[in-house]
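Participant: predicted model and sequence follow; I will ask about them next.
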Amino acid sequence: MKKIDLVSDFQKISIVQIREAYFRERTESGELVFEVVLWSGYFGMILDLYPDYQELPRESIIYKYRWSADYEFDTWGDEFNGEVQVDRLEEFYDHMKSLVITEELNAQKEYNAILEICESAIKNKNKLFFIADY
């Protein structure tokens, strides 16, 4: 299994507990083949860059996440509701590719890891799942 862990090294030097987010690529049979672990705050900051999420279809992952966060409902993909499938994976990937990650955000590694796992799941015809501890 391939794993990109962007939390462990940072957690060793931080006095604050990092809330984690996981992207998990699974085969049709459910076998975990690739996992990305990142700070859930980075995922939120990255998605906040999407200019007008309300113009997206309500089924869009970016719409679901941003709407739930904006209106303080249970956030999409939280630990209480369990792992959720990124069911519109190619659309999500295309939206992610359209974002411009500024240097000030300091999230290029996280952004690249998300793109990498999306590309892998698409290429291998696998499913992508998400869960976070907010």
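Facilitator: Nice, I can see it.

Participant: now do the contacts for the closest residue to residue 54 other than its chain neighbours.
Facilitator: Of all residues beyond its chain neighbours, the one nearest residue 54 is residue 63 (7.2 Å), with distances taken as CB to CB, 6 or more residues apart in numbering. Where you see a C-beta, it was placed from the backbone N, CA and C, and this is true even at glycine. Contact partners of residue 63, counting by CB atoms under 8 Å, 6 or more residues apart in numbering, are 53-54, 56-57.

Participant: assumed residue 63 was part of a strand.
Facilitator: No: counting by DSSP: H, G, I helix; E, B strand; the rest coil, residue 63 is not part of a strand but helix.

Participant: from the contacts of residue 63, pick the one nearest residue 27.
Facilitator: Among those, residue 57 lies closest to residue 27 (CB to CB), at 27.2 Å.

Participant: secondary structure class for that closest one?
Facilitator: Per three-state DSSP, the secondary structure class of residue 57 is coil.

Participant: and for it, the neighbour number?
Facilitator: The criterion is other CB atoms under 10 Å. On that basis, residue 57 has 10 neighbouring residues.

Participant: next one: the one 3 residues further on
Facilitator: Summarising burial for residue 60: neighbours were counted as other CB under 10 Å, giving 19.

Participant: that one and residue 93 touch, don't they?
Facilitator: No: using CB atoms under 8 Å, residue 60 makes no contact with residue 93, being 11.8 Å away.

Participant: returning to that earlier point: out of the contacts of residue 63, which comes closest to residue 28?
Facilitator: Nearest to residue 28 out of these is residue 57 (CB to CB; 25.2 Å).
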